[in-house]
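K.L.:
Give me coordinates for this.
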Amino acid sequence: MTRVSKCLVASMALLLSSAHGLAQAEEKAALKSMAVGGSLMSWAWLAWQGATIDSALCTNQGPSGLRFEASKDRELRAASLGWRLGECTAWRSQALALQLAPRLQLGAWQALQGEPRRLVDAAFIPALRWNLGSPAAGLRLDLELGIGAGFISHSRIGERQKSTNFQFFDVMGLGLRSADARWRLSLDYRHVSNADIRKPNQAVDFIGLSVEVPML
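P.N.:
Numbering: from 1, shown residues only. Below is the predicted model:
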């Protein structure tokens, strides 16, 4: 792995390992900033490099896949099923590669207290993945970043007032996949809010695990 890759992995591992402590805080500014800032910087890098993406959805350029994620917030639990629309390499160097892996996802939330106890969400997330190299034989490490948008069925869940059904979905994940891309495991962070379009805007910050497999 390159020095840049090692620094990225170390910083991500440090932040994600502190997820339990951050889950007790009102704001998760560090993780949110990394998810949003990292995504914007990645898109800016592609623009700076003059990278071209033949198809925004990556159709017919890489395998589609199914993704299942289980996560939790301070007072919420969630499960989601995602469909990765494809995968295409937007930029590559000798040591790194940046891929676009957009996905659609449907999720269900459950509150531990308050009303309503349940809602569903639907979102589109044009995720970018930095392939960081091979930490061990037969395995590959990647960093996923993305800013998406979607809808939730209720503007309130449990004791959280979201105010709008439209929400932004900021994501970040540290993934480990097999060399043949037959599976990918990831430690994930997801921030859901309306960017203060309307207040109160009580954000939700999910920490969870996901597994992804290609569609046959």
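K.L.:
Could you list the low-pLDDT ranges of the chain?
P.N.:
Along the chain, segments meeting pLDDT under 70 span 1-27, 52-62, 135-136, 216.
K.L.:
Quick check, central residue of it?
P.N.:
residue 171 (2.9 Å; CA atoms, centre = their mean).
K.L.:
which one is that residue nearest to, not counting chain neighbours?
P.N.:
residue 146 (4.6 Å; CB to CB, 6 or more residues apart in numbering). (Each C-beta comes from the backbone N, C-alpha and C, glycine too.)
K.L.:
What of residue 195?
P.N.:
Residue 195's closest residue in space is residue 168 (CB to CB, 6+ apart), at 5.5 Å.
K.L.:
ok, the helix or strand where the one you found lies: who's next to it in the sheet?
P.N.:
Per DSSP states H and E: residue 168 is located in strand 166-178. Sheet pairing of strand 166-178 (DSSP bridges) gives strand 139-152 (antiparallel), strand 184-193 (antiparallel).
K.L.:
Looking at these, which is nearest to residue 93?
P.N.:
Nearest to residue 93, of all those, is strand 139-152, at 14.8 Å by CB to CB.
K.L.:
Quick one: the strands in the chain, in order.
P.N.:
65-72, 76-84, 88-92, 97-111, 118-133, 139-152, 156-157, 160-161, 166-178, 184-193, 204-214 (DSSP state E).
K.L.:
can you list the ones you listed in CSV and add distance to residue 43?
P.N.:
Shown next, in CSV, are the strands of the chain (distance: least, CB to CB, whole Å):
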stretch, distance to residue 43
strand 65-72, 21
strand 76-84, 19
strand 88-92, 10
strand 97-111, 10
strand 118-133, 7
strand 139-152, 9
strand 156-157, 30
strand 160-161, 29
strand 166-178, 13
strand 184-193, 17
strand 204-214, 22
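K.L.:
wait, what's in contact with residue 189?
P.N.:
Neighbouring residues of residue 189 by CB atoms under 8 Å, 6 or more residues apart in numbering: 16, 19, 28, 31, 35, 171-173, 205-207.
K.L.:
So what sits opposite it in the bridge?
P.N.:
Note on residue 189: beta-bridge partners by DSSP bridges are residue 172, residue 207.
K.L.:
Now do the contacts for the closest residue to residue 65 other than its chain neighbours.
P.N.:
With CB to CB, 6+ apart as the measure, residue 84 is the residue that lies nearest to residue 65, at 4.1 Å, once sequence neighbours are left out. Applying CB under 8 Å, 6+ apart to residue 84 gives the contacts 64-67, 101-103, 212.
K.L.:
biggest separation within those residues, which pair?
P.N.:
66 and 102 (14.2 Å).
K.L.:
neighbour count winner among the two?
P.N.:
For residue 66 versus residue 102, neighbours defined as other CB atoms under 10 Å are more numerous around residue 102 (22 against 14).
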